[in-house]
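*Asks:* Let me see the structure of the following:
(one chain, ligands or ions: 1)
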Amino acid sequence: MKSNRTCRRARISRRSVAKFLTAAPLLALSRTARAAPTPSAVEGPFYLTSTMCYRDIDNDLVKIAGRVEKAGGEVIHLRGRVLDRDGQPVQGARVEIWQCDVNGRYLHSGDSGYRRERRDSGFQGFGFDITGPQGDYAFRTIKPVPYPGRTPHIHVKVLHHGSELTTQFYLAEHPLNRRDILFRRMSKREQDAVTMRFERGSEGPVSTVDIRL
Ligand SMILES: [Fe+2]
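*Replies:* Residues are numbered from 1 along each chain as shown. Prediction:
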């Protein structure tokens, strides 16, 4: 596991995220305080194992340290805050994400792939960030793609003081959402809480999703 010190050297700056988030109106913050927890979801079979782990597990999944190639797929920025039940920011939480690459393959020995697609050697597959003073986290990754049986999603796990929340983030209005067994079982409110909507940022598409413990 990397230390917080290492994480501060990660290429994706949380400072810019904090600036973005503090611009939110106070009214939104008061609504946050009344919000329900983020719905949990199964971890799935492809959580990172030590045998498949790259040395580089920072919050930039598009570039693996020491490699020339970059990940295939559409690059996106995923940002947000981790908040407690009172809507207060949670500093020092470890936020992990993992997802399949542009070929639909996970960085996991148990994923044998389909249609003999090769694993994208430029995609990190797993990464983490440590939340800052405003509870802010940030990742650079790729827009998730579907694989047989699932609508596109990003797996997310938050660990803080011995407790953890595992969930999955989805693409807004993706046509496969309505057929996805995990997405469909959620209420509309729960679906909204884990849906990524994008706006155009200076570095590409940006989605902001807060996580409520
Ligand atoms: Fe998955």
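*Asks:* Helices along the protein, start to end?
*Replies:* For the chain, the helices defined by DSSP state H cover 4-7, 14-22, 26-33, 181-184, 188-193.
*Asks:* what's the least confident stretch among those helices?
*Replies:* Note on the helices of the chain: helix 4-7 shows the lowest mean pLDDT, a mean of 38.
*Asks:* low pLDDT regions in this structure?
*Replies:* Scanning the chain for pLDDT under 70 picks out the ranges 1-34, 50-53, 113-115.
*Asks:* how about the strands in it?
*Replies:* Secondary structure of the chain (DSSP state E): strands at 75-83, 94-98, 126-130, 136-142, 153-160, 163-171, 195-196, 198-201, 204-208, 211-212.
*Asks:* so what's the residue most central in space within the chain up against?
*Replies:* Nearest residue to the geometric centre of the chain (CA atoms, centre = their mean): Ile97, 4.4 Å. Contact partners of Ile97, counting by CB atoms under 8 Å, 6 or more residues apart in numbering, are Leu61, Leu78, Phe126, Gly127, Phe128, Phe139, Thr141, Ile154, His155, Val156, Lys157. For the C-beta atoms, the positions are set from N, CA and C on the backbone; glycine is no exception.
*Asks:* rerun that using 10 Å as the cut-off
*Replies:* Listed by CB atoms under 10 Å, 6 or more residues apart in numbering, the contact set of Ile97 reads 59, 61, 78, 124-129, 137, 139, 141, 144, 154-157, 168-169.
*Asks:* got it, and Thr151?
*Replies:* Residues near Thr151 by CB under 10 Å, 6+ apart: 144-145, 168, 170-171, 174-184.
*Asks:* rerun that using 6 Å as the cut-off
*Replies:* His174, Leu176, Asn177, Asp180, Phe183 (CB atoms under 6 Å, 6 or more residues apart in numbering).
*Asks:* And for the third one, the neighbour number?
*Replies:* Asn177 is surrounded by 18 other residues when neighbours are defined as other CB atoms under 10 Å.
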